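**Q** Here is my input, please return the structure:
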Amino acid sequence: MRRWLIALLILIALAALAFFTLAPGMIERDLNRIDGKPLPRVSARAEALHRTLTIVDLHSDSLLWKRDILDRATRGHMDLPRLQDGHVALQVLASTTKSPKGQNYDANDADSDNITGLVIAQLQPVRTWGSLLERSLWHAEKLHRAVAASNGALKAVATAADVDALLVARRGKPRTTGAMLSIEGLHNLEGDIANLDKLYAAGFRMAGLTHFFDNELAGSMHGLKKGGLTPLGRQVVSAMEAKGMVVDIAHCSAACVADILKMARRPVVSSHGGVQATCKVNRNLSDEQIKGVAATGGLIGIGYWDAAVCDTSPASIARAMKHVRDLVGIEHVALGSDYDGATTVRFDTAQLAQVTQALIDAGFSDDEIRAAMGANAVRVLKAGLVRLTPPAP
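**A** Predicted coordinates:
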């Protein structure tokens, strides 16, 4: 009997070891896919132009997963070696802390969470198992550890001066890659605006108010009530602008977007998504919303997955970017991949020259391509990271 008990315990231990070792990778492989469809040839002209660009991507969820961002992975869409291959200057890394079961674009409640199981399966610190705030602080810690271990190859960006220093560093070889922290849904405040200070201190410099469900700050485009800003939400938007945190309207309900644009004192971004004119999915922006973002001096980050552009082809990405350019001007166009965000895409970040080629094919000039691929984002981030000085009385 004792031998059977020992054998059973050994089997349980081996099963647990196999689960915690293999499950995180299996889950990510299933959720972050490359569809394998054909890609067009990248011309010598596009390759040469691409190597001269300052590329900025406004949204990736790579910190969510259990892998070292410094190592080239065989799964997912993004890591430092692939950022280097793709010639990316600055990657905005989002902290995603909660995702409802049965997640969809139409209507989700806030009563369930898929990420808690992932957090446990990945053996994250116990403090993150029940706290959305601690999950974000853990994501920040992961990035800062990677920066410290990168021997200068990866640099955290938290101020306008950091952006300038990054651009200077990229003139040398090997080129440094920058990373800035963002938040996908401020439910990680856990209802307490004082927690914004903790997130700011950890290095977060951009945040969307909602993700796939309504929260204490605002309604989500994918929530049940889809309301506007709450009084707490208004307080948080004002506090973010004052601190030098960029406000992101991605996933906000129409009422939430309207409220933010009405009160904005600084450039607002839509970090990742698409436009209704080329892809009629509810999360994508209407022409009126695009004009509203542009009126703040902000950016529309175009994503690479099917719900953003109704396809995964580089040409579809360029088509959405062209619509924004034609509607409000090239200065409001940006990249917002949503890499590693449980998305299926055509290419990973190492192959970003595909976007450069698609923009050439769509008739964009070299200067327009420079702007859309990153110069616009550099301008807006530098402005948004400066603390807001109260007007003189």
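
**Q** does residue 195 really touch residue 132, like I thought?
**A** No - in this structure, residue 195 is not within contact of residue 132 by Cβ atoms under 8 Å, at 9.6 Å. Bear in mind the C-beta positions are built from the backbone N, C-alpha and C, glycine included.

**Q** Looking at those two, which one has more neighbours?
**A** Taking neighbours as other Cβ atoms under 10 Å, residue 195 and residue 132 compare with residue 132 leading, 22 against 17.

**Q** my read: the more buried one touches residue 191, true?
**A** No - the criterion here is Cβ under 8 Å, and residue 132 misses it with residue 191 at 10.2 Å.

**Q** list residues touching both of residue 195 and residue 132?
**A** Counting by Cβ atoms under 8 Å, 6 or more residues apart in numbering, the residues touching both residue 195 and residue 132 are residue 188.

**Q** what's the next secondary structure element after the host helix or strand of residue 82?
**A** Here residue 82 is covered by helix 80-85, with elements defined by DSSP states H and E. On the C-terminal side of helix 80-85, the closest following helix or strand by DSSP H and E is strand 88-96.

**Q** what's the following helix or strand after that next one?
**A** Counting by DSSP H and E, the next helix or strand C-terminal to strand 88-96 is helix 115-121.

**Q** What are the buried residues along that next one?
**A** By neighbour count with 16 or more other Cβ atoms under 10 Å, helix 115-121 contains the buried residues 115-116, 118-119, 121.

**Q** Could you pull out the buried residues of whichever helix or strand comes after that helix?
**A** Next helix or strand after helix 115-121 toward the C-terminus (DSSP H and E): helix 132-149. Buried residues in helix 132-149, defined by neighbour count with 16+ other Cβ under 10 Å: 132-140, 142-143, 146-147.

**Q** Can you tell me the centre-most residue of the chain?
**A** residue 59 (2.1 Å; Cα atoms, centre = their mean).

**Q** and the angle for the strand or helix carrying that one with strand 88-96?
**A** Here residue 59 sits within strand 55-60, counting by DSSP H and E. Interaxial angle of strand 55-60 relative to strand 88-96 (axes from the mean of the first three to the mean of the last three Cα atoms, to 10 degrees): 10 degrees.

**Q** which residues in this structure form strands?
**A** For the chain, the strands defined by DSSP state E cover 33-34, 55-60, 88-96, 154-156, 177-184, 204-208, 246-248, 268-273, 299-302, 333-335, 344-345.

**Q** deepest of these, which one?
**A** Per residue and on average, the most neighbours among the strands of the chain fall to strand 299-302, with a mean of 31 (mean count of other Cβ atoms under 10 Å).

**Q** From the contact counts, what lies against that strand?
**A** In terms of contacts (3 or more Cβ pairs under 8 Å, 6 or more residues apart in numbering; DSSP states H and E), strand 299-302 is packed against strand 55-60, strand 268-273, helix 287-295, helix 314-328, strand 333-335, helix 376-384.

**Q** Can you list the helices and strands that the last one packs against?
**A** Right, the one you point to is helix 376-384. Counting contacts by 3+ Cβ pairs under 8 Å, 6+ apart, helix 376-384 packs against strand 55-60, strand 88-96, helix 160-169, strand 204-208, strand 246-248, strand 299-302, strand 333-335.

**Q** Export the fourth one to CSV, keeping only CA atoms.
**A** If I follow you right, that is strand 204-208. Provided in CSV are the C-alpha atoms of strand 204-208 (Å, rounded to 0.1, in the frame of the first residue of the first chain):
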residue,chain,number,x,y,z
PHE,A,204,4.0,53.0,-16.9
ARG,A,205,3.5,55.9,-19.3
MET,A,206,0.5,55.1,-21.4
ALA,A,207,-2.9,53.5,-20.4
GLY,A,208,-6.2,52.6,-21.9
